[in-house]
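J.: I'd like to go over a predicted model; first the sequence, then the structure.
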Amino acid sequence: MPRLKTKKAVALPTKLPKIVAFANQKGGAGKSTGAVHAADWFAKQGYSTVLVDADGQQSSSEWMNELKLNYEVISNPEALFDELPKLAKSHDVVIVDGPGNASEVTKAVLIRSDLVLIPCRDSMIDLASTGKIVQFVRQAKEIRGGLPVAAIYLNAVKDNTILLREAREALQDGLLPLLSTSLPDRQCIKDAPGQASTVFRMKGESPRIVSDVYSQLLIEALKLFEAES
Ligand SMILES: Nc1ncnc2c1ncn2[C@@H]1O[C@H](COP(=O)(O)OP(=O)(O)O)[C@@H](O)[C@H]1O
Ligand SMILES: [Mg+2]
């Protein structure tokens, strides 16, 4: 897909997903934070990007509005089913911020997405409760013969806590891959919406480090998509 040349652009796989969703039936996992950061990151890479806020709570659309980035609020399953492909035609990348429940909305999003990223807090309870979303993804993959490519990533990891190896064991069946990049628990990530910002736009050492981790996470996910799709 064509993209504007920007100074910040990094080397990305040539085959990119059109619709990227952040999903997990648990609230507070990091979907909205991940979706808004992904939208800002793709926009910074020079892609025309729109975020679809599919969560009735509309936290990401308010944040997108303050960032002056494109967004739409669509939280009805039939409208999502119909509108996501249209938005994918008129933009390079569509980011979807999913709701915090296992609903028809989540199913519509999974049926239309190319890549699904599942943020998960690094507690054993949260890891053990990924079952529902994993089941939904498996069903969507069966219906569509492979897509969406999906992966779990650990979010808000406290220093020196869970190891990736332990996390993999806690993810019961291992049906979906766990990305090797995880996001740390950092105050600058919490502060971003209140400052009408993202870590990519904030000044200081911590936002700079977290920006690099976000880039690494997204590039790892895009490479997985290229390899699996
Ligand atoms: N890596 C992180 N470090 C620190 N705080 C985080 C991190 N990820 C998310 N948060 C905070 O956790 C809360 C829930 O995140 P949010 O993205 O709204 O979750 P969801 O959309 O899944 O409900 C928010 O207050 C957010 O700022
Ligand atoms: Mg949310």
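T.: Cool, got the structure. Ligands and ions are numbered 1, 2, ... in the order given.
J.: ok, and for the longest helix seen in the chain, which residues are buried?
T.: Counting residues, the longest helix found in the chain (DSSP state H) is helix 205-228. Neighbour-count burial for helix 205-228, with 16 or more other CB atoms under 10 Å as criterion, is recorded at 206-207, 210-211, 213-215, 217-219, 221-222, 224-225. For every residue, glycine as well, the C-beta is placed using N, CA and C.
J.: Quick one: find the helix or strand in this protein with the lowest mean pLDDT.
T.: The helix or strand of the chain with the poorest confidence is helix 124-128; it has a mean of 71 (mean pLDDT, DSSP states H and E).
J.: that older thread, output the buried residues of helix 205-228 as a markdown table; include the columns pLDDT and distance to residue 102.
T.: Rendered in a markdown table, the data for the buried residues of helix 205-228 read as follows (pLDDT from 0 to 100; distance: CB to CB, whole Å):
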| residue | pLDDT | distance to residue 102 |
| --- | --- | --- |
| 206 | 98 | 34 |
| 207 | 98 | 33 |
| 210 | 98 | 29 |
| 211 | 98 | 32 |
| 213 | 97 | 28 |
| 214 | 98 | 26 |
| 215 | 97 | 30 |
| 217 | 98 | 24 |
| 218 | 98 | 25 |
| 219 | 98 | 29 |
| 221 | 98 | 22 |
| 222 | 98 | 26 |
| 224 | 97 | 23 |
| 225 | 98 | 23 |
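J.: What is the nearest of the residues you listed to residue 176?
T.: Taking CB to CB as the measure, residue 176 sits nearest to residue 224 out of the buried residues of helix 205-228, at 10.5 Å.
J.: list the contacts for the closest residue to the closest one other than its chain neighbours?
T.: Here the nearest residue to residue 224 in space, its sequence neighbours aside, is residue 151; by CB to CB, 6 or more residues apart in numbering that works out to 5.8 Å. With contacts taken as CB atoms under 8 Å, 6 or more residues apart in numbering, residue 151 has the following neighbours: 116-118, 176-179, 221, 224.
J.: what's the most distant pair in those?
T.: Considering CB to CB, no two members of the contacts of residue 151 lie farther apart than 116 and 178, which are separated by 13.6 Å.
J.: Look at the two and report which has more neighbours.
T.: Between residue 116 and residue 178, counting by other CB atoms under 10 Å, residue 116 is the more crowded of the two (31 against 21).
J.: what's across from the more buried one in the sheet?
T.: According to DSSP bridges, the partner residues bridging residue 116 are residue 21, residue 150.
J.: JSON lines please, covering the contacts of residue 151 and showing distance to residue 77.
T.: Shown next, in JSON lines, are these (distance: CB to CB, whole Å):
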{"residue": "116", "distance to residue 77": "16"}
{"residue": "117", "distance to residue 77": "20"}
{"residue": "118", "distance to residue 77": "19"}
{"residue": "176", "distance to residue 77": "22"}
{"residue": "177", "distance to residue 77": "27"}
{"residue": "178", "distance to residue 77": "28"}
{"residue": "179", "distance to residue 77": "28"}
{"residue": "221", "distance to residue 77": "25"}
{"residue": "224", "distance to residue 77": "27"}
